[in-house]
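Participant: here's a sequence, model it:
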Amino acid sequence: MSTIVCLGEALIDFVADEAGVTLVECPGFRKAAGGAPANVAAGVARLGAPAAFVGKVGDDPFGRFLQQTLAEARVDTRGMRFDPEVRTGLAFVSLTASGERDFVFYRHPSADMRLQPEELPHDLLDSCSVFHFGSISLITEPSRSATLAAVARARTRGALVSYDPNLRPPLWPNLEEARRAILAVMPLADVVKVNEEEAEFLFGTPNAVAAAAAILKRGPRLACVTRGAAGCVLAAAAGQVSIPGFSVAVQDTTGAGDGFVAALLVRLRQSGAAGDEAWLRETGRFANAVGALTCTQKGAIPALPTAKAVAVFLASRPGERLELEGPS
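Facilitator: Numbers count the residues shown, from 1 in each chain. This is a model prediction of the structure:
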């Protein structure tokens, strides 16, 4: 079976165990596996498609916890590397009363920053049907060179390339460098997903329709702009559609965007490319459902839904039912 390969950071999120308080006030934290590409890989596997993760963690208890968590989610971890010299990256996360997040990162450096081009698993890159990456691994060397080498190899072998910048301003030397670097690699991707805040940062407008058009002008064939509870805009050669979101009781927004991306990649793996306007609408509705369900539980990977859970959710809401693959 063709695999969806996700490359980038896997780290530990220490999430405040009380919402609505700052990191200064928080009395304690709970440990959770994190890192957007790792979350996407887990989301793909939860939806029943074959997934693999490529990245570097510390040869420490946190790195082993991440490998174990991904393996338990049925993610192929043969592409994980363990660094004996530096530690696994950490992020401390506070939650507002509405479930939104604020981050403080500890990466000075962390193992994910030290992935080398020669450590890439060529067998996974040569056989994948979809390759996904983000911008965090582009910030410093050698992970930048490793990421670009992986993108080039996957493209050469005919894989669809997906890119979610996942902007984290505190990790960049400055915002201008972040904007330049994020936009520079956009033409390498077939699919790009941003949220409204990233759209405003990159293109000077939070308008999802305008941002999607700006993405397509840079070369990708499918543009996705997520709008939180309002849903998403998807644009391709077949047209541009706006798909409303689902109303759910939000516990924690962590991983919602990653769940959306996972759903998008599963649909692309099924079809091989973005389809007509009906495909865009079905895909947007499916991805919105996965993102919404992820918000109803705390944590990222533990909250990612199965294909069966998504099918049940969609069946309970008005609209066309989708044919989904995967275990319950």
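
Participant: next, count neighbours for residue 170.
Facilitator: Burial of residue 170 is recorded as 9 neighbouring residues (other CB atoms under 10 Å). Where you see a C-beta, it was placed from the backbone N, CA and C, and this is true even at glycine.

Participant: which non-adjacent residue is nearest it?
Facilitator: The spatially closest residue to residue 170, leaving aside those adjacent along the chain, is residue 105, at 6.1 Å (CB to CB, 6 or more residues apart in numbering).

Participant: quick check: the one you found touching residue 172?
Facilitator: No: the pair residue 105 and residue 172 does not pass the contact test of CB atoms under 8 Å, sitting 11.1 Å apart.

Participant: tell me which of those two has more neighbours.
Facilitator: residue 172 (19 against 16).

Participant: ok, the closest residue to the more buried one other than its chain neighbours to residue 222 distance?
Facilitator: Distance criterion CB to CB, 6+ apart; nearest residue to residue 172, sequence neighbours excluded, is residue 178 at 3.9 Å. In this structure, residue 178 and residue 222 are 23 Å apart, going by CB to CB, to the nearest Å.

Participant: hmm, back to that, gap between the helix or strand containing the residue nearest to residue 170 and the chain center?
Facilitator: Using DSSP states H and E, residue 105 sits within strand 101-106. Here the centre of mass of C-alpha atoms in strand 101-106, compared against the chain's by CA atoms, centre = their mean, to the nearest Å, lies 17 Å away.

Participant: and residue 160, how many neighbours?
Facilitator: For residue 160, the tally of surrounding residues (other CB under 10 Å) stands at 24.

Participant: next, the contact list for it, please.
Facilitator: Residue 160 is in contact with 129, 130, 131, 190, 191, 268, 272, 273, counting by CB atoms under 8 Å, 6 or more residues apart in numbering.

Participant: give the buried subset of the residues you listed as a ChimeraX selection command.
Facilitator: The command below creates a ChimeraX selection of those among the contacts of residue 160 that count as buried (16 or more other CB atoms under 10 Å):
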select :129,130,131,190,191,268
